[in-house]
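In: Sequence and computational prediction follow.
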Amino acid sequence: MQERIAEILSEAKERLACATEKKEVDDIRVAILGKKGQLTEILRGMGGLSKEEKKQIGPLANKAKNELEQLINKKFDDVKEAAKNAQFKKEKIDVTEPGREFRMGVKHPITLVAEEISKIFKDLGYEVVQGPLADTVYRAFDGLNSPANHPSRDLTDTFYFNEDICLRPHTSTMQVRTLEEREAPFRIVSLGRCFRCDTPDATHSPIFHQCEGLIVDEGISMTDLKGTLDLMAKQLFGPDTKTKFRPHHFPFTEPSAEMDVSCFKCGGKGCSVCKGSGWIEILGCGETHPNVVGLGGIDTEKYTAFAFGMGLERIAMLKYGVDDIRLFYENDMRFIRQFR
Ligand code: PHE
């Protein structure tokens with residue numbers, strides 16, 4: 001019997017030493033000290049022993065029981081502690097590790113220019129309006145007083161869906177739309193995408209952006225046009241900017257002009273940006289032709305108008321010193337992120 005107790009004790013110690021999980025320790029406890037455990041059976045069988053034996057075995061069995069209980073409790077604690085440490089190790093945060101970069105979006109340079117121009121004209125009482133990218137051939141050409149043989153109508157210049165619908169080749173479609181819809185007086189600017197059959201190169205893109213402006217009111221003249229566009233140029237390129245109007249031709253304006261701004265890089269002396277001339281062309285404009293002003297029934301004796309159209313890419317290229325228009329569409333973040 002003595003041997004049996006010693007055996008149970010040493011076996012239990014061995015098993016406990018190898019246990020690494022709570023469940024294993026619990027199994028050992030049940031096997032030895034549980035209701036039908038090895039030691040429990042021995043203790044339970046004490047009744048059938050002689051007085052002598054009881055005296056000898058009793059304290060031995062109790063001592064073994066106490067010792068095992070202590071060992072088991074200690075092992076429970078150890079196993080718990082080890083599990084906790086393992087978890088800590090797994091969840092350890094290395095505070096010296098570099099953080100993940102938080103990438104904020106930035107506005108595209110064309111958006112920046114569009115917003116700047118919108119702001120200039122909003123401050124002058126203009127309303128910013130949007131129009132569809134595909135429009136009628138009528139609004140792109142005929143309504144704009146454009147003769148049937150005008151070269152920009154060619155299939156090689158304009159994208160047609162059919163005889164009547166095309167992708168707008170300029171934002172001037174918005175002149176026709178607003179004149180059809182609105183009562184005089186009004187003043188609008190419209191900024192958006194336009195399309196022309198151009199092969200991409202450093203200065204051409206089949207998709208580009210324009211800003212159109214139209215003001216209809218009593219007594220609007222070339223003086224208003226020049227004053228307004230001169231102010232815009234000074235706000236866009238700086239207060240020392242000078243403007244120059246050269247005669248031009250557009251079917252929908254009479255007289256028509258192109259506006260040049262003094263080169264902001266060299267101040268007019270001549271450099272690579274202005275190709276030595278000191279001036280840079282930025283837009284087309286003119287007093288709106290009465291055939292156009294009268295489209296929606298506006299009294300052309302009472303009301304006159306001026307309009308202008310300019311390319312946003314061109315303005316952005318000049319303002320930011322970008323030398324290839326294609327950079328705007330490649331979505332290379334290294335390029336776009338520079339305009340913050
Ligand atoms: N629509 C013309 C163009 O695309 C620009 C323009 C607009 C000229 C308004 C005069 C008036 O070139």
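Out: Here it is on my side, so go on.
In: Now do the SS call for the residue in the chain that the ligand sits nearest to.
Out: The chain approaches the ligand most closely through residue 309 (2.7 Å), counting by CB to the nearest ligand atom. Using the backbone N, CA and C atoms, a C-beta is placed for each residue, glycine as well. Residue 309 falls in the strand class when you classify it by DSSP: H, G, I helix; E, B strand; the rest coil.
In: Buried residues of stretch 317-324, list them for me.
Out: Within stretch 317-324, the residues scored as buried using 16 or more other CB atoms under 10 Å are 317, 318, 319, 322.
In: is it true that the third one lies in a strand?
Out: By that I understand residue 319. No. Residue 319: not assigned to a strand; according to three-state DSSP it is helix.
In: what's the average pLDDT for stretch 199-207?
Out: For stretch 199-207, mean pLDDT rounds to 95.
In: and residue 210, what is it in contact with?
Out: By CB atoms under 8 Å, 6 or more residues apart in numbering, the contact set of residue 210 is 170, 171, 191, 192, 194, 309, 310, 311, 312.
In: could you dump the residues you listed to a markdown table with pLDDT and neighbour count?
Out: Output for these, formatted as a markdown table (pLDDT from 0 to 100; neighbours: other CB atoms under 10 Å):
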| residue | pLDDT | neighbour count |
| --- | --- | --- |
| 170 | 97 | 23 |
| 171 | 98 | 26 |
| 191 | 98 | 25 |
| 192 | 98 | 19 |
| 194 | 98 | 22 |
| 309 | 98 | 23 |
| 310 | 98 | 24 |
| 311 | 97 | 21 |
| 312 | 98 | 25 |
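In: near the ligand, which residues of the stretch 151-300 of the chain?
Out: 170, 172, 250, 253, 284, 285, 286 (CB under 6 Å from any ligand atom).
In: quick one: which of those residues has the most company?
Out: Among those, the one with the most neighbours (other CB atoms under 10 Å) is residue 172, at 29 neighbours.
In: Do I have it right that the residue of the chain closest to the ligand meets residue 209?
Out: No. With contact defined as CB atoms under 8 Å, residue 309 does not reach residue 209; the gap is 11.0 Å.
In: nearest spatial neighbour of residue 232, skipping sequence neighbours?
Out: With sequence-adjacent residues excluded and distances taken as CB to CB, 6 or more residues apart in numbering, residue 232 is closest to residue 120, at 5.4 Å.
In: The one you found - how many residues pack around it?
Out: Count around residue 120 with other CB under 10 Å applied: 19.
In: which pair in the residues of the stretch 151-300 of the chain next to the ligand spans the largest distance?
Out: 170 and 286 (13.7 Å; CB to CB).
In: Give me the pLDDT value at the nearest residue to residue 262 once chain neighbours are set aside.
Out: Once flanking residues are discounted, residue 262 sits nearest to residue 242: 4.0 Å by CB to CB, 6+ apart. The model reports residue 242 with a pLDDT of 96.
In: What backbone torsions are found at residue 242?
Out: With angles defined as degrees, to the nearest 10, residue 242 sits at phi -110, psi 160.
In: Quick check, it in contact with residue 264.
Out: No. Applying CB under 8 Å as the test, residue 242 and residue 264 come out as separate, 10.2 Å apart.
In: For the stretch 51-200 of the chain, which segments count as helices?
Out: Ranges of helices within the stretch 51-200 of the chain are 51-90, 109-123, 137-140, 173-181, based on DSSP state H, counting those that start in this stretch.
In: Mind checking those helices for the one nearest to residue 40?
Out: Ranking the helices of the stretch 51-200 of the chain by distance to residue 40, with CB to CB as the measure, places helix 51-90 first at 8.5 Å.
In: What residues sit buried inside the closest one?
Out: With burial defined by 16+ other CB under 10 Å, the residues of helix 51-90 counted as buried are 57, 60, 61, 64, 65, 68, 71, 72, 75, 79.
In: And those residues, which two are furthest apart?
Out: Spanning the widest gap among these are 57 and 79, at 31.6 Å by CB to CB.
In: returning to what we had before: the contacts of residue 210 into TSV, with extra columns for distance to residue 87?
Out: Output for the contacts of residue 210, formatted as TSV (distance: CB to CB, whole Å):
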residue	distance to residue 87
170	67
171	64
191	58
192	58
194	62
309	68
310	65
311	63
312	58
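In: Longest strand in this protein, by number of residues?
Out: Determined from DSSP state E, the single longest strand within the chain is strand 207-218.
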